[in-house]
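Trainee: pasting the structure only:
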């Protein structure tokens, strides 16, 4: 079975992480197992834990270092410009109901647009597989209306589960 | 193609992490892409980074949270007693030459035993798929002889690559 994917896309400061957190919590409240994948941008390396074995082994030269224990699996990998499909292949190994993705807006998966302005809409409307958009302007829902966004997500999830 | 797996097993304080680091560095020096997986034990949860998006999303209720950027992929997952095979399925998605595993001594993959004493040897010798053993006692190499351990690893790797 392929785990369904839903992207949350939009420019900086459009509220992507806020919505992702909201929908993650809402998914959990519904009993759905949510996996999240976020594109962090090229400037900022994700913070690493210090002094743990996984990092020690990485510093010894491992390309990939993982530690499993006490119900947690922690994993660090060097991946220059990985394909999103490679990352999704990792998530597909896990018992998830949905994979929510922040960013990677050129990817082909079903996606929600977050718009800051009607200009954003003009720049983004040729992306593939847009399911809905939230934000200011005509013909789009208002992201400020979080109840509406939540209702959309729940309905969408029920349609794919 | 299936990426080959080599386990380093033995009781506590037998030098597993030391050997794993040594072979990881040696693998890198040979140009091999080494992935490492370590069983951390049940008492100690691996340390988590603080204040990063991946952890925020995990706290919002995500079962799995990953962040990719700047050539690094960082991944946190809640997994109660995961099967080793599930974790290895993740590693199999990645461009690695070998996966070195610390622990999981009942798993069936080719394995190296580290022995602290001849008693250890008696307790461990019925494990599956033992390739060699390092440590004190008759009929086993001395792990203190790191050159010998390194030579074994390089020869083994060349036999499987």
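Mentor: Received the coordinates, thanks. What you are looking at is a predicted structure, and each value in this text was computed from that prediction instead of being measured. Numbers count the residues shown, from 1 in each chain, chains lettered A, B, ... in the order given.

Trainee: Quick test: name the residue nearest the centre of chain A.
Mentor: Computing the C-alpha centroid of chain A and ranking residues by C-alpha atoms, centre = their mean puts residue A:101 first, at 1.9 Å.

Trainee: Distance check, that one against chain B.
Mentor: According to C-beta to the nearest C-beta, to the nearest Å, residue A:101 and chain B sit 10 Å apart. Yep, even glycine has a C-beta here, placed from its N, CA and C like the rest.

Trainee: Tell me the bridge partners for that residue.
Mentor: Applying DSSP bridges to residue A:101 gives these bridge partners: residue A:7, residue A:37.

Trainee: count of residues packed around residue A:11?
Mentor: 16 (other C-beta atoms under 10 Å in any protein chain shown).

Trainee: List the residues that contact it.
Mentor: Residue A:11 makes contact with A:116, A:120, A:123, A:124, according to C-beta atoms under 8 Å, 6 or more residues apart in numbering or on different chains.

Trainee: Please enumerate the strands of chain A.
Mentor: A:5-10, A:34-39, A:64-69, A:72-78, A:98-102, A:111-114, A:130-134 (DSSP state E).

Trainee: Could you export those strands as JSON lines, including distance to residue A:152 and mean pLDDT?
Mentor: As requested, the strands of chain A are arranged in JSON lines below (distance: least, C-beta to C-beta, whole Å; pLDDT from 0 to 100):
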{"stretch": "strand A:5-10", "distance to residue A:152": "11", "mean pLDDT": "96"}
{"stretch": "strand A:34-39", "distance to residue A:152": "16", "mean pLDDT": "94"}
{"stretch": "strand A:64-69", "distance to residue A:152": "36", "mean pLDDT": "90"}
{"stretch": "strand A:72-78", "distance to residue A:152": "32", "mean pLDDT": "89"}
{"stretch": "strand A:98-102", "distance to residue A:152": "13", "mean pLDDT": "97"}
{"stretch": "strand A:111-114", "distance to residue A:152": "8", "mean pLDDT": "94"}
{"stretch": "strand A:130-134", "distance to residue A:152": "6", "mean pLDDT": "93"}
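
Trainee: Residue B:20 is nearest to which of the ones you listed?
Mentor: With C-beta to C-beta, the closest approach to residue B:20 among the strands of chain A belongs to strand A:64-69: 9.8 Å.

Trainee: What is the closest one packed up against?
Mentor: Strand A:64-69 sits against helix A:53-59, strand A:72-78, strand B:34-39, helix B:84-91, with contacts defined as 3 or more C-beta pairs under 8 Å, 6 or more residues apart in numbering or on different chains; DSSP states H and E.

Trainee: Need the contact partners of the first one.
Mentor: By that I understand helix A:53-59. Residues outside helix A:53-59 that contact it (C-beta under 8 Å, 6+ apart): A:48-49, A:65-67, A:74-76, A:78, B:17, B:20-21, B:24, B:36, B:38, B:40, B:46.
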